[in-house]
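Trainee: just a sequence and a predicted model for now, questions to come.
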Amino acid sequence: MKKVPDTFFRGVLAVMTISLVGCQGSIDAEQLTATAQRVERSDLDDTLLLEEVAARIAPPRDWTQRPTQRRSIATHIQFRSPDQTVRMGVVKLAMPLPLSADTIIWLARTGYKSKNGKPQLLTRWTDDAGRHWLVGQDDAWQGEAYILTAGFRGWIVYRSWKRDPLPSEAERDKASRAVRTVVPMLDD
């Protein structure tokens, strides 16, 4: 049997690494802050610094903050509506490589396991601030999220809601506005 040269394996590893790391794109921190400041906040709390996820946020007033979840590469903070049908949260990623937002989306899609049917990606786009947005659903939940990356760190900021019964438009809108107030601390 013919031995495969070590250079072949190094080449494959290099191609895999380049495809996973990819281009991170540019994030406009000033635009993120300006966008967050324009959000209507009458039913949101004052802006908080959540050091665990290195982000500032104005969470929905009267929502419950869940205990922080810490995993090997992710720290997650979530807020839930009083009836538990709408959620919003921030996940901070500590990545082993500086991965692109597209790579994080791909990894999340391939690793997502749902008890509620096959997940579907409905749409995605990138806004002027450099946030990579996506909308998806499974049989029970629908959600919207954006992903930002900066070096070895990344953030997933999201809102989700039950599909049946559909929560009030007011609660879904409150979560949407709270998501738009989140400004990750990119310079730390």
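Mentor: Looks like it arrived, so ask away.
Trainee: just the helices in the chain please.
Mentor: 6-21, 29-37, 101-111, 169-181 (DSSP state H).
Trainee: where does the prediction get shaky in the protein?
Mentor: Across the chain, the stretches falling below the confidence threshold (pLDDT under 70) are 1-26, 113-114, 188.
Trainee: show me the contacts for the residue nearest in space to the middle of it.
Mentor: Relative to the mean C-alpha position of the chain, the nearest C-alpha, by CA atoms, centre = their mean, is the one of residue 156, at 1.5 Å. Taking CB atoms under 8 Å, 6 or more residues apart in numbering as the contact definition, residue 156 lies against 90, 91, 93, 104, 108, 145, 146, 147. Backbone N, C-alpha and C define where each C-beta goes, glycine included.
Trainee: list the residues that contact the third one.
Mentor: By CB under 8 Å, 6+ apart, the contact set of residue 93 is 73, 74, 104, 153, 154, 155, 156.
Trainee: skipping adjacent residues, who's closest to it in space?
Mentor: residue 154 (3.9 Å; CB to CB, 6 or more residues apart in numbering).
Trainee: which stretches in this protein count as strands?
Mentor: 48-50, 55-57, 64-65, 69-70, 74-80, 86-94, 120-126, 132-137, 141-150, 153-162, 183-184 (DSSP state E).
Trainee: what lines up beside the fourth one in the sheet?
Mentor: Looking at strand 69-70 with DSSP bridges, its paired strands and their directions are strand 74-80 (antiparallel).
Trainee: noted, bye for now.
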